[in-house]
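A.B. asks: Build me a model:
(chains A and B)
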There are 2 protein chains.
Amino acid sequence: MTDLIGMGQAARKACRELANLSAPAKNRLLQAIAEQLDAQAPEILAANQVDMQAAKQKGLADAMLDRLLLDSQRLQGIISDIQQVISLPDPVGVELDSQRLDNGLRLLKRRIPLGVLGVIYEARPNVTVDISVLALKTGNAAILRGGRETLNTNQALLKAIQAALSECQLDSNTIQLIQDPDRALVGQLLTMDEYVDMIIPRGGPKLQAVCREQASVPVITGGIGICHMLLDKRADLTKATELVINAKVQRPTVCNALDTLLVHQDCDTDAMLDLLKAVHGQGVSLKGCPLAVARWPQLDIATAIDGDWDTEWLGLTLGVKLVASIDAAIEHIDAHSSGHSEAIITDDLAASQQFVDQVQSAAVYVNASTRFTDGAEFGLGAEVAVSTQKLHARGPMGLEALTSYKWIGYGDYLARS
Amino acid sequence: MTDLIGMGQAARKACRELANLSAPAKNRLLQAIAEQLDAQAPEILAANQVDMQAAKQKGLADAMLDRLLLDSQRLQGIISDIQQVISLPDPVGVELDSQRLDNGLRLLKRRIPLGVLGVIYEARPNVTVDISVLALKTGNAAILRGGRETLNTNQALLKAIQAALSECQLDSNTIQLIQDPDRALVGQLLTMDEYVDMIIPRGGPKLQAVCREQASVPVITGGIGICHMLLDKRADLTKATELVINAKVQRPTVCNALDTLLVHQDCDTDAMLDLLKAVHGQGVSLKGCPLAVARWPQLDIATAIDGDWDTEWLGLTLGVKLVASIDAAIEHIDAHSSGHSEAIITDDLAASQQFVDQVQSAAVYVNASTRFTDGAEFGLGAEVAVSTQKLHARGPMGLEALTSYKWIGYGDYLARS
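C.D. replies: Here you go, the predicted model:
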């Protein structure tokens, strides 16, 4: 039986050592991980083949198999991503604020690691390395729970990571993997307040809901994007065509892809017909509100049913809804958005301002694609996850999202008066 | 039956209106609340008398009755605190960051209100006004659940707040009070993810635990301080005496009061005797580890029992423990602290640095009293709560802790390449 409490205690111990590691020491560790992954590539790829065989025998869908696959090229990609993280500045230890207060106290606010991260994710082997590297860069220990379909791969990856830790004379328990597939362990991890500082679930709505509901450890939920684009009556629909296609088609399986196109009812019917035709021409199925279905009878728009507006399509489907006003569009977004990314396309300044002011999602765009919501695009250098909640971190989470801060007060034998 | 979902929907609607209110408009609202509280003082004080009578009949303890009491002087104190909040800068709407990215996007990060706060607190009528005022200053709606013992007082206070909202043509549902004493409603509030953005529990360990365990809405826990002070072997024990007394005695019922004094075993036995005598002379009972009991037989030190080191005394009791080293002190703090406030008293630079680096509590002091952990002392102007968790906000939470941010991206019909 897996001793999760023991793992928690070991992680707690390891994170204390890590908290004050210098930036160069942490970068040397990341470099060692990159080298170990390269050196152990044959074992890692062989382990992945075992997982792949088992998955094929289980009859997993092609999309799932593709996620599971770790071939030589992908492993090299993961290794070169480590170089990218090495090049990022270390946020830990930075003094955020420093003042001498009237009461005589010299008060600093110093950025520190969170401590121990609990990460629960699906069958994507790259996450095992990505999240370990980001955790270590910011001085955190981590307890990982990957999808059971990638257990062999994850074990091989962990072996390389722990070898690098040992090589750098660091506690190999800094990164641990829950290897037992028992689901009850996830529930236990979610309530280990004493040992775990933050839970990051990277997976679908069901995993997110389980974490929100069961966790007593603080959770960062996100990664689910029901994204909207509003074509205002003053949008340039010719130019907008490319944006809709970009948002919907460029990579339809990701969270920042477009799900619902809101169309102001005063948009030109013919120009919109051209736009929708062009989108449909990219293989996109349209699901419309009754008004949209009636307005463009030339197009094969299916009538949207209950729940469609609350669906993250993750594929080549697009909802199309006519709205009477910007207010109506914002009301629809309020009711159906997951708080991820929304865009307005307009040449009207007041319309853009209203949209930016009133839409409270993590990312709000004016005349830009929702696809920009991404750590790399935002210049964060790395992406831990995309948060759709309002506490701690919002939108693409960079390294800073893996840190906290402490207040440090200096006095000269100073009592409070 | 209380329709909590209805309250949630109403709060959601109200917070949309509030989100873009200008700073002067919000200050006018706070001014109106101050004036309504003043005008309705007779009704408020009378309502408090009803609560006080009932509490006396129920035989509540004096400390509890004192917390419950709202007399004219305290009400005026609450009103003048509102003036203080009016004078603070409005954190909402501030642009935290702004850059033009290589991809062509102009990206801003704008501070916004959290949205809807759920606040659960005990029988302290001042919290009803304090938290409403801080919520409104930052553009948030709130659903309040106060202790049942202050229901009449809270209803009277709410009436004044809602009158001010109406006077300013704002939705009176911006601040709502759960008036039904049914405890099941707390459980329901904790899981209203769709309507509530953050839960703030202000109360004892039991309330904090219930919120952590049951909530699916993000919770900020805190306010529990098992605070430590380490007297290093290089502390000036004469000067330290005042600090120990300040930390322990000045206001023993609050969370930043000292609970455990850690004493380096190389501290001078006689000087320590004088120090402990002085502390004891202030009416403080000492509970010591066996070594401390043996070292100062002249003093009436009781032997600490299991659990004493994990107790927030909230009164004139002080644990005294001898430690062999700074490492041992930090280990004790790691094991027993609630992560609130810890201090080292020393003239040794290296010792102070080790303590500051390795202790990960919200506030860490060198030669200063733990009593400084407080919003006003930290210059934050207001205090929502004191957080002891590492996500979102740590230590004294000022107005910024009631805000989130959104990313705003501007393009010129910009697609992601």
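A.B. asks: Verify the contact between A:V129 and A:I161 for me.
C.D. replies: Yes - taking contacts as CB atoms under 8 Å, A:V129 lies within contact range of A:I161: 7.3 Å. Every C-beta, even on glycine, is put in place using the N, C-alpha and C of the backbone.
A.B. asks: Give me the common contacts of those two.
C.D. replies: A:I33 (CB atoms under 8 Å, 6 or more residues apart in numbering or on different chains).
A.B. asks: tell me which residues in stretch A:247-256 are buried?
C.D. replies: Buried residues in stretch A:247-256, counted by 16 or more other CB atoms under 10 Å in any protein chain shown: A:A247, A:K248, A:V249, A:Q250, A:P252, A:C255, A:N256.
A.B. asks: same thing with stretch A:91-99?
C.D. replies: Neighbour-count burial for stretch A:91-99 flags A:P91, A:V92, A:G93 (criterion: 16+ other CB under 10 Å).
A.B. asks: Make a markdown table from the residues you listed and add secondary structure to it.
C.D. replies: Below are the buried residues of stretch A:91-99 laid out as a markdown table (DSSP: H, G, I helix; E, B strand; the rest coil):
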| residue | secondary structure |
| --- | --- |
| A:P91 | coil |
| A:V92 | coil |
| A:G93 | coil |
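A.B. asks: Just give me the closest of those residues to chain B.
C.D. replies: Relative to chain B, the closest of these is A:G93; by CB to the nearest CB it sits at 9.1 Å.
A.B. asks: Can you name the residue of the stretch 151-300 of chain A nearest chain B?
C.D. replies: A:N246 (3.6 Å).
A.B. asks: can you count the residues close to the closest residue to that residue other than its chain neighbours?
C.D. replies: Counting by CB to CB, 6 or more residues apart in numbering or on different chains, A:N246 lies nearest to B:A415, which is 3.6 Å off, once chain neighbours are set aside. Applying other CB atoms under 10 Å in any protein chain shown, we find 19 residues neighbouring B:A415.
A.B. asks: now do A:H392
C.D. replies: Neighbour count for A:H392, taken as other CB under 10 Å: 21.
A.B. asks: is it true that A:C267 lies in a strand?
C.D. replies: No - using three-state DSSP, the assignment for A:C267 is coil, not a strand.
A.B. asks: Show the contacting residues for it.
C.D. replies: Counting by CB under 8 Å, 6+ apart, the residues that A:C267 touches are A:L231, A:D232, A:K233, A:A235, A:L237.
A.B. asks: Per-residue pLDDT of it, please?
C.D. replies: Listed pLDDT for A:C267 reads 98.
A.B. asks: and A:M229, that's in a helix?
C.D. replies: No - under three-state DSSP, A:M229 falls outside any helix and is assigned strand.
A.B. asks: so who does the closest residue to it other than its chain neighbours touch?
C.D. replies: Spatial nearest neighbour of A:M229, excluding adjacent residues (CB to CB, 6+ apart): A:A343 at 4.5 Å. Residues near A:A343 by CB under 8 Å, 6+ apart: A:227-230, A:243, A:247, A:364-370.
A.B. asks: And for A:G225?
C.D. replies: By CB under 8 Å, 6+ apart, A:G225 lies in contact with A:254-257, A:259, A:312, A:338, A:340-341, A:370, A:373, A:386, A:388.
A.B. asks: same check, this time on A:F355
C.D. replies: With contact taken as CB under 8 Å, 6+ apart, A:F355 is in contact with A:L230, A:I326, A:A329, A:I330, A:E342, A:I344, A:T346, A:V364, A:V366.
A.B. asks: any idea how far A:T373 is from it?
C.D. replies: The gap separating A:F355 from A:T373 is 16 Å, by CB to CB, to the nearest Å.
A.B. asks: same deal with A:V263?
C.D. replies: A:V263 is 22 Å from A:T373, where distance means CB to CB.
A.B. asks: ok, back up a step: intersect the contacts of A:F355 with the contacts of chain B.
C.D. replies: A:V364, A:V366 (CB under 8 Å from any CB of the partner chain).
A.B. asks: Just the contacts of A:F355: which are in strands?
C.D. replies: Among the contacts of A:F355, the members falling in strands (DSSP state E) are A:L230, A:E342, A:I344, A:V364, A:V366.
A.B. asks: quick one: stretch A:107-127 to chain centroid distance?
C.D. replies: 12 Å (CA atoms, centre = their mean, to the nearest Å).
A.B. asks: how long is it end to end?
C.D. replies: Using CA to CA, to the nearest Å, the end-to-end distance of stretch A:107-127 comes to 38 Å.
A.B. asks: do stretch A:212-231 as well
C.D. replies: First residue to last in stretch A:212-231 (CA to CA) measures 34 Å.
A.B. asks: Stretch A:177-187 too?
C.D. replies: Chord length of stretch A:177-187, first to last residue, is 15 Å (CA to CA).
A.B. asks: Same check on stretch A:101-109?
C.D. replies: One end of stretch A:101-109 sits 13 Å from the other (CA to CA).
A.B. asks: residue contacts, A:S417?
C.D. replies: Each residue near A:S417 by CB under 8 Å, 6+ apart is listed here: A:N103.
A.B. asks: Can you give me the neighbour number for A:R183?
C.D. replies: Neighbours around A:R183, by other CB under 10 Å: 10.
A.B. asks: Contacts only, for it.
C.D. replies: A:R183 makes contact with no residue, according to CB under 8 Å, 6+ apart.
A.B. asks: Pull the residues that contact stretch A:210-219.
C.D. replies: A:118, A:120, A:186-187, A:189-193, A:196-201, A:221, A:391-392, B:191, B:193, B:212-213, B:216, B:218-219, B:389-392.
A.B. asks: ditto for stretch A:82-90
C.D. replies: With CB under 8 Å, 6+ apart, stretch A:82-90 has contacts from A:23, A:26-27, A:30-31, A:33-34, A:37, A:129, A:133-134, A:137-138, A:381-382, A:399.
A.B. asks: could you flag which of the residues you listed are buried?
C.D. replies: Buried subset of these (neighbour count, 16+ other CB under 10 Å): A:23, A:26-27, A:30, A:33-34, A:37, A:129, A:133-134, A:137-138, A:381-382, A:399.
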